[in-house]
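> coords below, sequence missing:
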């Protein structure tokens, strides 16, 4: 992550890094999906109260990129299905995957995503560290887009609504 990262995003990144370094991969993935929700919420359409699956998927489609040599390239619907399964069921399966609308992510701690449609069209072996690294790169691209005054103003207006730990002195 770079030096331009606002405090609340640095806190998310630090939490992801801490859980990953301490081999709490599931927690790091849940935090990563939550962070994508957060990014999407900062730029959701004006007047929209909640971030939606479409907002999440749009953010993924715009910012998440895997290296070209990876056998799997991110699709918004696949990450949305993975997020729903992990966050709501603590499972690789979600309502979306059960309807056959997205691929199913199985996770590993290695370096590359593994996808071979001749073995399974629906299952992808996702490298958790690579997914997280790709999220950080996506966040950097997002922060560059926030240099646009209109987008920055929209995001800044929403930052106070995000979760924060406040200093407390008795």
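Here it is on my side, so go on. Not measured: the values here are computed from a predicted model.
> for the rest of this, base every contact and every neighbour count on C-alpha atoms.
OK.
> which stretches in this structure count as strands?
104-108, 123-127 (DSSP state E).
> who touches the first one?
With CA atoms under 8 Å, 6 or more residues apart in numbering as the test, strand 104-108 has contacts from 78, 81-82, 92-93, 97, 122-128.
> quick one: strands adjacent to that strand?
strand 123-127 (parallel) (DSSP bridges).
> may I see the buried residues of the partner strand?
Across strand 123-127, burial judged by 16 or more other CA atoms under 10 Å covers 123-127.
> out of those, which one sits closest to residue 28?
Proximity of the buried residues of strand 123-127 to residue 28 (CA to CA) peaks at residue 127, which lies at 12.1 Å.
> how close does the closest one sit to residue 50?
30 Å (CA to CA, to the nearest Å).
> out of the strands of the chain, which comes closest to residue 71?
strand 123-127 (9.2 Å).
> okay, the strands of the chain in TSV with distance to residue 12 and mean pLDDT next?
Supplementary listing: these in TSV, determined by distance: least, CA to CA, whole Å; pLDDT from 0 to 100:
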stretch	distance to residue 12	mean pLDDT
strand 104-108	21	96
strand 123-127	20	97
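> would CSV of those with distance to residue 28 be doable?
Converted to CSV, the strands of the chain look like this (distance: least, CA to CA, whole Å):
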stretch, distance to residue 28
strand 104-108, 12
strand 123-127, 12
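> compare those and give me the one nearest residue 134.
For residue 134, the closest of those is strand 123-127, at 10.5 Å, according to CA to CA.
> buried set for stretch 61-81?
Of all the residues in stretch 61-81, those buried under the rule 16+ other CA under 10 Å are 63-66, 72, 74-81.
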